[in-house]
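**Q** what shape does this take:
(2 chains)
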Number of protein chains: 2
Amino acid sequence: MNKKMNIVIVGLGNIGSYFYNYLRKNRKIIFNKTNTIPNILFVSAKSFNKKRNFSPSKKIWLKNYLSATKIKNVDIIVELIGGSEGPAKKLVFEALRNKKHVITANKALVSKYGDELSKIAEKNKVNFEFEAAVCGGIPVIRSIKEGLIANNINKIYGILNGTSNYILSSMDKEKLEYKDSLSKAQKLGYAESNPDSDVNGEDVAAKLKILTALAFNSFINNKSILVEGIKNIDKIDINNANQLGYKIKLVGIAEYTKNKIIQRVHPALIKEKSYIAKINGVLNAVIIESNPVGKTVLQGEGAGPGPTTSSLISDLCSILRGNVKFPFVLPDKKREMVNFESINNKKFSVYLRIDVEDKHGILSNVTKIMAQNKVSIKRLIQNPTMNKKNASIVIITHEAKNSSFFKVLSILKKKKYVINVPKIIRIEKI
Amino acid sequence: MNKKMNIVIVGLGNIGSYFYNYLRKNRKIIFNKTNTIPNILFVSAKSFNKKRNFSPSKKIWLKNYLSATKIKNVDIIVELIGGSEGPAKKLVFEALRNKKHVITANKALVSKYGDELSKIAEKNKVNFEFEAAVCGGIPVIRSIKEGLIANNINKIYGILNGTSNYILSSMDKEKLEYKDSLSKAQKLGYAESNPDSDVNGEDVAAKLKILTALAFNSFINNKSILVEGIKNIDKIDINNANQLGYKIKLVGIAEYTKNKIIQRVHPALIKEKSYIAKINGVLNAVIIESNPVGKTVLQGEGAGPGPTTSSLISDLCSILRGNVKFPFVLPDKKREMVNFESINNKKFSVYLRIDVEDKHGILSNVTKIMAQNKVSIKRLIQNPTMNKKNASIVIITHEAKNSSFFKVLSILKKKKYVINVPKIIRIEKI
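**A** Numbers count the residues shown, from 1 in each chain, chains lettered A, B, ... in the order given. Predicted coordinates:
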């Protein structure tokens, strides 16, 4: 008799429905590739009657989603509820405790409770798989855990959020202000009605935390990670960047130097000729710098039911093949207690924009404040703004400590001649 | 007691030595990740006394490399001899027949005998792994077999040879003729003293055959594959391409349409703004178009001891974890007998360069020949060449059958007014 594994899918929204249909249609080929029948035993969601692109049969409907974790012949639970707390959290913890394999696309949950969950999975010798939680269809987790397993990774970074990248790209291409570009993204379905986590950097931060732990054999770090979003980027900043030969991108970066890891998410000016600067629209791209392989680039669709299902099925096949692995590459005891450091002492060049009253002596005062705080100027452009009473000073600095820039900012903010809150965008050589 | 697997490395050239050293240095971390000790039991190569960057101890030297396949406690044989025949072939066949796992970086061998070898491996329930045979350190095989396992792939293509890509890139950037660019590549160690298989497309063809079988669940096809190299590309072609907004790249492409696969390797004009056109130097890039994930791009170092070792270790870890898989994703019986088709009937736009005597009526004769063979002209540029008696006609055609172009070529070749062999380079929209 053929080997069979029983699956329960919990959560039947866009992703869940697509996954359910895809799995049913592709049972045979999945069996051929893994030698194990993927049998959907039950599905469960909040409401049976909700409108979906398929109607689940009553026979396989599980009223109480949590009971999936108790049913003896359930092998695999696929969590597609979402959210770091509530039902998703309950389900995944209970499932692993009851020795069920778990597959999830839930980055909020994994980035928050991944270490605890991984420990339970390891103890109970079941799989805890989350390829779909990071960058949709790009097989980045599998590549770190398997394809690049030999390598010492020293840096992992990229464009990890399609929504914010779409917004920035179309601000640039179509000369839109942030809010107009966001509306457009919402109309096209690229941004949710509440786009907060996509545009404020949280989504990128969750993915980066997971990637960091995988790449550096460390635990997940929720402290000392800098998270800045794109809400404060104006069209004029993008124009200025273009004039200076840069593009503005929201990047997530984790670097390992001198036994310390720095994690950060923020908009950055990136040389327009670089690879990252050319990733436009909803695409995601991850770059891994490691030894001995060098630089590896993975690029693809970062979201949507199709790409997410691609990753979910990949996780499923790994389990069907009977391949139990440590969720974070190494056993819990061997994962490293690495120090995570804030970026205060890290040095950057930055783009600084200060809108000021167009009066005599102001520029000299600004440059004096900078000099006093050890920030020196590489390039300076002063443009009159629309309203001729004001001017916009744009400065590209030499490298200085991150904290120095914030001292400069806090002083400038208090100056009467400064009109808007001055703006700093870091420059990245990636 | 910890689980242990015994390894024999055969072939200790650049790659073999690097791999040996790397594996020794990283034993502990590999054990941590796989829960199995990778124990180098023996090494073997043609000569014990050859100068290497390490001196193998006599204790682990195996005089007769083939005996590795007979020694009972040998679990894994790593073949790094190279070549599709002779010792490498003998070793790999014997090893699999004797139920040893095999890891190889040998694309010539895998592209020629992969199907037979895979069958033996499957029968004997051992692994036959060859990630290092295709695109060095890019985890493309693992991505097709695991990360993208859910997907129906309809096209796989890319820049699969770093040497030829370096030569074309530096012909473009430094305005060199082919032979000067080749010499430079040889000086820098990017091309071998006998660069034939790199520049005539054979190396790309071997990789493409392997990727094709993996991507489309088919067998390896050695017939009806078009293989053209870059030797006939002149500096003037690259200049012309630049003027027209294109770059010239050596591409490998496999497409699945209407139950048929077309495989081809040839130089192509590619829009300068496309991703592929921007891959310069010794890099490799593979693009996979599939459903439901969309387009996935993998880019990285395509050759060299470091990247190759990265892939070898990835294969090794897969075996250490006890993860026996079908070498070509599916069991032999389930692999598909797909038809492979020649490109004769495929339609292309092409770049056509004809150097002619600069006499009255020639252009009209050329265009007449084209019209008679159903090739219509989209753009035409006539340049006088250095020697003012001659002219160079450059034509971008509309789409026409591949065979039509070759009819045009064969007629033109015979014309007295044609000076050099006319040149056709296909235009690809990738």
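**Q** let me know the helix or strand that A:Val408 is in.
**A** helix A:402-414 (DSSP states H and E).
**Q** for that helix, name the packing helices and strands.
**A** strand A:347-357, helix A:362-372, strand A:423-428 (3 or more CB pairs under 8 Å, 6 or more residues apart in numbering or on different chains; DSSP states H and E). C-betas here are computed from N, CA, C, even on glycine.
**Q** now the ones you listed as a markdown table including distance to chain B?
**A** Output for those, formatted as a markdown table (distance: least, CB to the nearest CB, whole Å):
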| stretch | distance to chain B |
| --- | --- |
| strand A:347-357 | 25 |
| helix A:362-372 | 37 |
| strand A:423-428 | 19 |
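**Q** now mean neighbour count, distance to A:Ile138 and mean pLDDT too, for the ones you listed, in CSV please.
**A** Output for the helices and strands packed on helix A:402-414, formatted as CSV (neighbours: other CB atoms under 10 Å in any protein chain shown; distance: least, CB to CB, whole Å; pLDDT from 0 to 100):
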stretch, mean neighbour count, distance to A:Ile138, mean pLDDT
strand A:347-357, 20, 28, 95
helix A:362-372, 16, 41, 94
strand A:423-428, 21, 21, 97
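**Q** TSV please, covering those and showing distance to A:Gly162.
**A** As requested, the helices and strands packed on helix A:402-414 are exported to TSV (distance: least, CB to CB, whole Å):
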stretch	distance to A:Gly162
strand A:347-357	24
helix A:362-372	36
strand A:423-428	19
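**Q** just to revisit the earlier point, C-alpha coordinates for the helix holding A:Val408, PDB please?
**A** Provided in PDB are the C-alpha atoms of helix A:402-414 (Å, rounded to 0.1, in the frame of the first residue of the first chain):
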ATOM      1  CA  ASN A 402      24.400  57.300  13.000                       C
ATOM      2  CA  SER A 403      24.000  58.900  16.400                       C
ATOM      3  CA  SER A 404      25.800  62.100  15.100                       C
ATOM      4  CA  PHE A 405      23.100  62.600  12.500                       C
ATOM      5  CA  PHE A 406      20.400  62.400  15.100                       C
ATOM      6  CA  LYS A 407      22.200  65.000  17.200                       C
ATOM      7  CA  VAL A 408      22.200  67.300  14.200                       C
ATOM      8  CA  LEU A 409      18.600  66.600  13.500                       C
ATOM      9  CA  SER A 410      17.500  67.300  17.100                       C
ATOM     10  CA  ILE A 411      19.300  70.600  17.000                       C
ATOM     11  CA  LEU A 412      18.000  71.600  13.600                       C
ATOM     12  CA  LYS A 413      14.400  70.700  14.600                       C
ATOM     13  CA  LYS A 414      14.400  73.400  17.200                       C
END
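**Q** tilt between it and helix A:362-372?
**A** 150 degrees (axes from the mean of the first three to the mean of the last three CA atoms, to 10 degrees).
**Q** A:Glu85 and chain B: what is the separation?
**A** 29 Å (CB to the nearest CB, to the nearest Å).
**Q** what's the answer for A:Thr34, then?
**A** 8 Å.
**Q** report pLDDT for that residue.
**A** Per-residue confidence at A:Thr34 stands at 94 (pLDDT).
**Q** next one: the helix holding A:Val408 to chain centre, how far?
**A** Relative to its parent chain, helix A:402-414 has a centroid offset of 28 Å by CA atoms, centre = their mean, to the nearest Å.
**Q** now do it, average pLDDT.
**A** For helix A:402-414, the per-residue pLDDT averages 95.
**Q** over to stretch A:301-314?
**A** 94.
**Q** what's near enough to touch A:Ile253?
**A** A:155-157, A:208, A:262-265, A:428, A:430 (CB atoms under 8 Å, 6 or more residues apart in numbering or on different chains).
**Q** surely A:Ile354 meets A:Asn383?
**A** No. In this structure A:Ile354 lies outside contact range of A:Asn383 using CB atoms under 8 Å: 11.3 Å.
**Q** which neighbours do the two share?
**A** What both A:Ile354 and A:Asn383 touch, as defined by CB under 8 Å, 6+ apart, is the set A:Ser392.
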